[in-house]
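Chemist: quick check, what structure comes out for this input:
(2 chains)
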Amino acid sequence: MTAVIEEAASGPAPAQKPARDHTPIVITLRIRRFLPDLVGPNGEPPVPFWQDFQVEADPTERILTAMLKVKGEQDGSLTFRRSCAHGICGSDAMRINGRNRLACKTLVKDLDVTKPITIEAIKGLEVEKDLVVDMDPFFQSFKDVMPFLITSGNEPTRERLQSPEDRERFDDTTKCILCACCTTSCPVFWTDGQYFGPAAIVNAHRFIFDSRDEGAEQRLEILNEKEGVWRCRTTFNCTDACPRGIEVTKAIQEVKRALIFRRV
Amino acid sequence: MPAGTLYRGREGMWSWVAHRVTGVLIFFFLFAHVIDTALVRVSPEAYDETIEIYKNPIVSVMEYGLVAAILFHALNGLRIVAVDFWEKGPRYQKQMFWIVMGIWVVLMAGAAYPILNHAFREVFGS
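Modeler: This next block holds a predicted model:
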């Protein structure tokens, strides 16, 4: 902020940002639909299909806005999750142009609008309708790593203090919003739904490396099992997909090393 | 039924795919290799006959493919070791992947003459 004020005071004219182009453009959303009620005349099970929607959008708008426009104006049956719409609640994880992202954090101008924008449900979890998947297995893995503070002895009467260095140790993994972008980008998870997955390991990491917590051994034992951290093949899809910029693979590797060297 | 699209992974995912594919190829080569080497126990003549087949230009090209697979698997293996044990490995995995590809290209260029030279002359005359 200071720099801006100085610039305005000394320079002849404040440096103007190049004007953004707000001309609305027509984009095509190619959405993979799945309607569970769409049973064939002879009782055939419903099949997923692609459907194109043309929608007008400002280049600086988000894909979520375009999807809401489709739902509001063209097809009310289009189903997807979204809550806060500001990249915090983690509801609207979906596969946009082949990569897991949050629809509320993906801008139209960052995608190639000359071609249809493909939107699919995240992979590896059962699709319930359109872009809505069954998140229960995902949250079960999260619960299984005990994502809460474990301590022994009497509760202190004041805060549990921690040095800034100790806090820094697990800072990266506190940013998780449980959107499942990472877990459903993992090729191991696609074929082995029993794998704990990156998100659960990230949330275990958050407590394993917390100096105030005493449950590290228990969590490491859980993650040392067959479907734990050793399933990770370091494909880095999780790190690339995380909308919060968490270095997910790095966190998993740290848990692996803690297991090998038994040092937290 | 129209299928879903392929996940558009980046360096990390494709290096993992290539690592698997080259690993399986090398595994199958080892089968053939154990068989041809074991032939010497049948008779030295049988062994010589088999090795004679390997002078075929097609086999030379396959050998070049084998070198490609082993080089990639070995170099990317070192990258994976670095990702596993070097603290900063995960952060620099993309750079390390392109270093691996660079070394791979140089070594493949160097291997071209010694391996393909014979086949080249066989096919096009010397």
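Chemist: so what pLDDT did residue 57 get?
Modeler: You didn't pick a chain, so chain A it is. In this model, residue A:57 is scored at 93, pLDDT.
Chemist: oops, chain B please
Modeler: If you check residue B:57, the pLDDT there is 88.
Chemist: distance of it relative to residue B:115?
Modeler: To residue B:115, residue B:57 is 11 Å away according to Cβ to Cβ, to the nearest Å. Placement of C-beta: from N, CA and C, glycine included.
Chemist: ditto for residue B:24
Modeler: For residue B:24, the distance to residue B:115 (Cβ to Cβ) stands at 22 Å.
Chemist: neighbour count winner among those two?
Modeler: Each of residue B:24 and residue B:115 has its neighbours counted (other Cβ atoms under 10 Å in any protein chain shown); residue B:115 has more, 18 against 11.
Chemist: how about that one, what does it touch?
Modeler: Shown in contact with residue B:115 (Cβ atoms under 8 Å, 6 or more residues apart in numbering or on different chains): B:60, B:63, B:64, B:67.
Chemist: which one of those residues is nearest to chain A?
Modeler: Distance to chain A, by Cβ to the nearest Cβ, is smallest for residue B:67 among the contacts of residue B:115, at 24.7 Å.
Chemist: that closest one looks like it's in a helix, true?
Modeler: Yes. Assessed with DSSP: H, G, I helix; E, B strand; the rest coil, residue B:67 lies in a helix.
Chemist: what is the burial count for it?
Modeler: So residue B:67, with other Cβ under 10 Å, has 16 neighbours.
Chemist: leaving out sequence neighbours, find the closest residue to residue 85.
Modeler: Just going to use chain A. residue A:104 (4.7 Å; Cβ to Cβ, 6 or more residues apart in numbering or on different chains).
Chemist: that was the other one, I meant chain B.
Modeler: residue A:257 (7.4 Å).
Chemist: just the pLDDT at the one you found, thanks.
Modeler: What the model reports for residue A:257 is a pLDDT of 94.
Chemist: what does chain B put close to chain A?
Modeler: Residues of chain B found near chain A (Cβ under 8 Å from any Cβ of the partner chain) are B:1-2, B:4-13, B:16, B:80, B:83-85, B:89-91, B:93.
Chemist: from those residues, list the buried ones, please.
Modeler: B:4, B:7-13, B:16, B:80, B:83, B:89-90, B:93 (16 or more other Cβ atoms under 10 Å in any protein chain shown).
Chemist: okay, these in JSON lines with secondary structure and pLDDT next?
Modeler: Formatted as JSON lines, these follow (DSSP: H, G, I helix; E, B strand; the rest coil; pLDDT from 0 to 100):
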{"residue": "B:4", "secondary structure": "coil", "pLDDT": "77"}
{"residue": "B:7", "secondary structure": "coil", "pLDDT": "92"}
{"residue": "B:8", "secondary structure": "coil", "pLDDT": "91"}
{"residue": "B:9", "secondary structure": "coil", "pLDDT": "90"}
{"residue": "B:10", "secondary structure": "coil", "pLDDT": "91"}
{"residue": "B:11", "secondary structure": "helix", "pLDDT": "93"}
{"residue": "B:12", "secondary structure": "helix", "pLDDT": "93"}
{"residue": "B:13", "secondary structure": "helix", "pLDDT": "95"}
{"residue": "B:16", "secondary structure": "helix", "pLDDT": "96"}
{"residue": "B:80", "secondary structure": "helix", "pLDDT": "96"}
{"residue": "B:83", "secondary structure": "helix", "pLDDT": "95"}
{"residue": "B:89", "secondary structure": "coil", "pLDDT": "93"}
{"residue": "B:90", "secondary structure": "coil", "pLDDT": "94"}
{"residue": "B:93", "secondary structure": "helix", "pLDDT": "94"}
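Chemist: quick check: the residue nearest to residue B:85 touching residue B:86?
Modeler: No. At 10.3 Å, residue A:257 does not count as touching residue B:86 under the criterion of Cβ atoms under 8 Å.
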